[in-house]
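Asker: Following is a predicted model, sequence given first.
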Amino acid sequence: MTELIPPHGGTLKELYLPASEARAETRRAAEYPSWDLSQRQLCDVELLLNGGFSPLEGFMGQADYDRVVEEMRLADGTLWPMPITLDVSEAFAASLVPGQRIALRDPEGVIIAVLDVADIWVPDKHREAELVFGADDVAHPAVAYLHQTAGSVYVGGRLTGLTPPTHYDFQHLRQTPAELRAWFRQQGWHRVVAFQTRNPMHRAHVELTVRAARQAEAKLLINPSVGMTKPGDVDHYSRVRCYEHVLQKYPAQTAALSLLPLAMRMGGPREALWHAIIRKNYGCTHFIIGRDHAGPGKNSAGEDFYGPYDAQRLVERYREEIDIQVIPFQQMVYVANRDAYVPEDEVEEGDEVLNISGTEFRRRMREGAEIPEWFGYREVVEELRKTFPPRHRQGFTVFFTGLSGSGKSTIANALMVKLLEIGGRQVTLLDGDLVRKHLSSELGFSKEHRDLNILRIGFVASEITRNGGAAICCPIAPYAATRQQVRRMVEEAGGSFIEVHVATPLEECERRDRKGLYAKARAGLLKNFTGIDDPYEVPENPELRIDTTECSPDEAAQRIILELEARGLISRLSSAEARIVADAPSSTAQPGNVGRGAMTA
């Protein structure tokens, strides 16, 4: 471990072994049990090893975890607001004992670090969600991760770094805390204000940062998070290209760009405090906290998880303790009659205020709508147009779910043929039975195996979608949480996800049962059969709900075509095709309603 004295107080701890010792430990680690790090864990390990998470020296043990969850402090009383934990599976945890060493590997199998196991425990994730994120609500991305992705057991212990994680992208912008501090000293930057962002920067962001730097009499560090951010965000490759354009808008020698490999939790006030501590570790003297800093958006009731300035208030409470100056800012809005951006609290009566939210901006980009000059720089918009092609060229996934015998495969085949008739993109049908045969032949029908099968389908669909194709999936997919994971996969790949609940009643599905599966299940000859001895979790808000007792497969496929057309994903229907849908039974989905859950049968 190397200890470095930062220019502005405190001790930075790097946890890497010297090269010769690292080589020897790497050879020994080949015999240790191995854990393959997830994307979030890999981000955490990188910042633990390079000192970005100082004073932490590894993944938290139970005493540190409990006190951080309850009080935002480590067991020794040091302020730290966010749990940093290594979550693993029950099976892996069962093979461990305290005092053991495990090798932590990246997705390519390279050993990044070893962990000296100190604690192994099962956390109360509901308590963690309530106290850390303010609500046990899976609409919060960190809570969804906690319950739907993270392992059920936590392992804590000290890390020893063997090799830094490899990054092939933007290597010239990936400075460690020690490297960035050294660069500040070399440049004579004694006062540095950091700006955290996970979105492309536009004119309002530039105005805000210029004002903050002027207020602090400091240089500016644009320090975006390029680890995990909020699902659906613009990918970091596109964002960094945008930041490089924006950097040219600042006066020479006043601003710099450096990337932060942080896996955000979108934890609002606690996250803002965490971000400030991290920026202090990177050698910054000031930190900007704006409106709704690291907020995840709406909860399940449609309300904001956090108040717009809760983050500023929490960080202000600990201002003396964190030893970094915080610059709070109101939201910047464009005042047309002044042709200028101003903080919203400086808007005067009679001012003509214009604003575009992040959600509205992403909608405009995805739909190819105009981005006004007062909002975005031309170079940034052009860069983002490469990431967001016109709607009709974007990929999508149509995901059927319903009981066995409900008609999913029949409608899916009809839909595939109609999409091929329209043309314009590659279409792939991922039928449940065929996937079982070719992709998941070794899996059984336990809940764990059924979930794994659906996630495999989701992965393939997301890759098809990422590359502009149309994926049609028709498994039973009985569990809501797993379907939600697939939705996230597809949306994170930049595509649209259309969930179609084929809501044919159980009695009708049994009547159609050509293979006799329902009869076998009722006789106890088939176990874990969905709808008989295993529940089917009905989708709450599918994009479409279709009952095949009320319409033909052709009519059902036409309704899906109409939904895709309304979303701009395919070209407009001919008048003859539109009449087929208009003449369908009135109890089923009607054209014109394009919101989630609006088209029901």
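Answerer: All right, it came through fine.
Asker: Could you list the low-pLDDT ranges of this structure?
Answerer: The model of the chain has pLDDT under 70 over residues 1-11, 572-601.
Asker: quick one, domains of it?
Answerer: Structural domains assigned to the chain are 2-161, 171-387, 391-582, following automatic domain parsing.
Asker: Can you tell me which residue is spatially central in this protein?
Answerer: Centroid-nearest residue in the chain: residue 231, 2.9 Å away (criterion: CA atoms, centre = their mean).
Asker: And for residue 333, the neighbour number?
Answerer: For residue 333, the neighbour count with other CB atoms under 10 Å is 18. C-beta here means a position set from N, CA and C on the backbone, and glycine is covered the same way.
Asker: Now do the SS call for it.
Answerer: strand (DSSP: H, G, I helix; E, B strand; the rest coil).
Asker: and it, what does it touch?
Answerer: Counting by CB atoms under 8 Å, 6 or more residues apart in numbering, residue 333 makes contact with 204, 341, 342, 343, 344, 347, 353, 354, 355.
Asker: For the fourth one, what are phi and psi?
Answerer: Dihedral angles of residue 343 (phi, psi; degrees, to the nearest 10) stand at phi -60, psi 150.
Asker: Any idea how many residues pack against it?
Answerer: Residue 343 has 16 nearby residues by other CB under 10 Å.
Asker: Isn't it up against residue 328?
Answerer: No. Using CB atoms under 8 Å, residue 343 makes no contact with residue 328, being 10.1 Å away.
Asker: So residue 196 versus residue 335, what's the distance?
Answerer: Going from residue 196 to residue 335 by CB to CB, to the nearest Å gives 26 Å.
Asker: Look at those two and report which has more neighbours.
Answerer: Between residue 196 and residue 335, counted using other CB under 10 Å, residue 196 has the larger neighbour count: 24 against 18.
Asker: what's the closest non-adjacent residue to that one?
Answerer: Nearest residue to residue 196, sequence neighbours excluded (CB to CB, 6 or more residues apart in numbering): residue 275, at 5.2 Å.
Asker: in terms of contact, does that neighbour touch residue 284 like I think?
Answerer: No. Look at residue 275 against residue 284 with CB under 8 Å: they stay out of range, at 10.4 Å.
Asker: Are we agreed that residue 256 is in a strand?
Answerer: Yes. Using three-state DSSP, the secondary structure at residue 256 is a strand.
Asker: filter the contacts of residue 333 to the buried ones?
Answerer: Buried by 16 or more other CB atoms under 10 Å: 204, 341, 342, 343, out of these.
Asker: wait, what's in contact with the third one?
Answerer: Residues in contact with residue 342, defined by CB under 8 Å, 6+ apart, are 332, 333, 335.
Asker: any idea where the strands of the stretch 501-601 of the chain begin and end?
Answerer: 544-546 (DSSP state E, counting those that start in this stretch).
Asker: For the biggest strand by length in the chain, buried residues please.
Answerer: Counting residues, the longest strand found in the chain (DSSP state E) is strand 111-121. Within strand 111-121, the residues that qualify as buried are 111, 112, 113, 114, 115, 117, 118, 119, 120, counting by 16+ other CB under 10 Å.
Asker: right, and out of those, which lies closest to residue 554?
Answerer: residue 112 (54.4 Å; CB to CB).
Asker: Please report phi then psi for the residue nearest to residue 325 when sequence neighbours are not counted.
Answerer: Excluding the flanking residues, the one nearest residue 325 by CB to CB, 6+ apart is residue 286, at 4.5 Å. Dihedral angles of residue 286 (phi, psi; degrees, to the nearest 10) stand at phi -140, psi 160.
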